[in-house]
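**Student:** take a look and give me a structure for this.
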Amino acid sequence: YLTVQVRIVSLHGRRLAQQRIPVSAAANAVTTLRALPLQRWLRGRPLVFVQLRLANRAGRVLSENVYWQSAHSRSLRALDTLRAQPVAVSAQRSDPDTAGGERHYTVTLTNRGTEPAVALKVTALDARGHRVLPSYYSTNFLTLMPGEHRQIRIRCPRQGARCARVQLQGWNAHGTSVPIEHGH
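**Tutor:** Sure, this is the predicted structure:
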């Protein structure tokens with residue numbers, strides 16, 4: 001038993017609709033749900049954000065996606081009207097005592113603004129400000145609605161250049177770089 005949580009949000013962060021859809025889906029199978037009536041929410045608006053979260057019976061989010069839906073591709077230009085949003089960033093090393101070829105970090109992003117923060121991207125940097133490669137991210141290029149927070153897990157090499165900072169960039173987020181704190 002799963003639940004799809006649907007949230008429709010206007011370009012500037014106003015919640016237009018929200019619903020929960022129960023889903024019974026077989027493992028390794030495609031389950032088609034009915035289409036959302038997007039034209040109802042697009043009427044008079046250039047675009048809307050459609051946030052879909054798939055949760056299990058315990059309410060744990062298994063998957064999350066945000067889509068930018070518009071009536072016409074030229075309507076996507078409305079994204080240029082989004083104001084820069086303050087997105088708080090913290091980063092912490094989460095495996096101080098583990099062995100192996102990687103170190104693990106947890107980055108927490110929080111949208112403290114009033115509008116969606118779009119296309120947020122986190123990058124692991126060394127002490128000199130250069131990208132650390134290879135680095136692996138649990139997710140990236142995400143959208144956060146006002147007040148939402150999200151954690152990103154990063155795996156960086158233990159040898160060679162070491163992750164010392166994380167940098168945040170986004171379509172409409174104040175770019176910033178913060179040091180990685182050592183966990184307990």
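**Student:** C-alpha only now, for contacts and for neighbours.
**Tutor:** Will do.
**Student:** where in the chain is pLDDT low?
**Tutor:** Within the chain, the ranges that satisfy pLDDT under 70 run 96-100, 183-184.
**Student:** 80 - rerun?
**Tutor:** Scanning the chain with the threshold set as pLDDT under 80 gives 95-101, 159-161, 183-184.
**Student:** contacting residues for the most centrally placed residue in it?
**Tutor:** Taking C-alpha atoms, centre = their mean, the centroid of the chain lies closest to Leu142, which sits 3.0 Å from it. Contact analysis of Leu142 by C-alpha atoms under 8 Å, 6 or more residues apart in numbering lists 66, 118-121.
**Student:** that one bridge partners, please.
**Tutor:** Note on Leu142: beta-bridge partners by DSSP bridges are Leu120.
**Student:** how far away is it from Gly170?
**Tutor:** From Leu142 over to Gly170 the distance is 9 Å, taken as C-alpha to C-alpha, to the nearest Å.
**Student:** do Glu148 as well
**Tutor:** Glu148 is 15 Å from Gly170, by C-alpha to C-alpha.
**Student:** residues contacting Gly175?
**Tutor:** The neighbourhood of Gly175, defined by C-alpha under 8 Å, 6+ apart, consists of 167-169.
**Student:** I should have written Gln169 there, sorry.
**Tutor:** Residues near Gln169 by C-alpha under 8 Å, 6+ apart: 120-122, 175-176.
**Student:** if we go to 7 Å?
**Tutor:** Contact analysis of Gln169 by C-alpha atoms under 7 Å, 6 or more residues apart in numbering lists 120-122, 175.
**Student:** same deal with Val48?
**Tutor:** Neighbouring residues of Val48 by C-alpha under 7 Å, 6+ apart: 8-11, 42, 68-70.
**Student:** 6 Å - rerun?
**Tutor:** The contact partners of Val48, taken as C-alpha atoms under 6 Å, 6 or more residues apart in numbering, are 9-11, 69.
**Student:** looking at these, which has the most residues close by?
**Tutor:** Ranked by neighbour count (other C-alpha atoms under 10 Å), the contacts of Val48 have Val9 at the top, with 22 neighbours.
**Student:** count the neighbours of the residue nearest to Leu82 when sequence neighbours are not counted for me.
**Tutor:** Counting by C-alpha to C-alpha, 6 or more residues apart in numbering, Leu82 lies nearest to Asn172, which is 6.5 Å off, once chain neighbours are set aside. With neighbours defined by other C-alpha under 10 Å, the count for Asn172 comes to 21.
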